[in-house]
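> Any chance you can model this:
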Amino acid sequence: MMTILNKHVRPVETFEASNKKHRQYYSQYMATNSWGNCPFQLRSGNSSLSLAGYAREELIKYYMNKEFPNG
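From the prediction side, this is the model:
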C-alpha cells in the first residue's frame, strides 16, 4: 500500500564515480558536510563503509584509472 510518505521519499541510487552528477553532489557534500541538496538518496555499494568513505574510495579508483589506465 502506498502511503503519503512514499510519495515524498527521494529515489535511491548507488554511488558511481563515473556518474558526473554523483561526483557533483559529493563535491557539494565536501563543501557543506550535508547531502541535503542531493535530489536522490545515494547509497554505499559496500555495507562496511559510510557513503562518504565509499564515495572517496570509488573516486580515488576512478581518477587513478583515468591517469594510469594500464596500472
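
> Go through the protein and flag its longest helix.
In terms of residue count, the longest helix belonging to the chain (DSSP state H) is helix 51-67.

> Find me the pLDDT at the nearest residue to Lys61 once chain neighbours are set aside, would you?
Spatially, and ignoring its direct neighbours in sequence, Lys61 is nearest to Ala17 (6.8 Å; CB to CB, 6 or more residues apart in numbering). All C-beta atoms are positioned from the backbone trio N, CA, C, and that covers glycine. If you check Ala17, the pLDDT there is 97.

> Quick one: residues contacting Ala17.
23, 55, 58-59, 61-62 (CB atoms under 8 Å, 6 or more residues apart in numbering).

> Can I get the residues you listed in JSON lines including distance to Val12?
Formatted as JSON lines, the contacts of Ala17 follow (distance: CB to CB, whole Å):
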{"residue": "Arg23", "distance to Val12": "18"}
{"residue": "Ala55", "distance to Val12": "15"}
{"residue": "Glu58", "distance to Val12": "17"}
{"residue": "Leu59", "distance to Val12": "20"}
{"residue": "Lys61", "distance to Val12": "22"}
{"residue": "Tyr62", "distance to Val12": "21"}
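
> Selection in ChimeraX covering whichever of those are buried, please.
Only the buried entries of the contacts of Ala17 go into this ChimeraX selection, using 16 or more other CB atoms under 10 Å:
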select :23,55,58,59
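
> quick one: which two of the contacts of Ala17 are the most distant?
Arg23 and Lys61 (12.8 Å; CB to CB).

> quick revisit: which secondary structure elements does the longest helix of the chain contact?
helix 20-32, strand 41-43 (3 or more CB pairs under 8 Å, 6 or more residues apart in numbering; DSSP states H and E).
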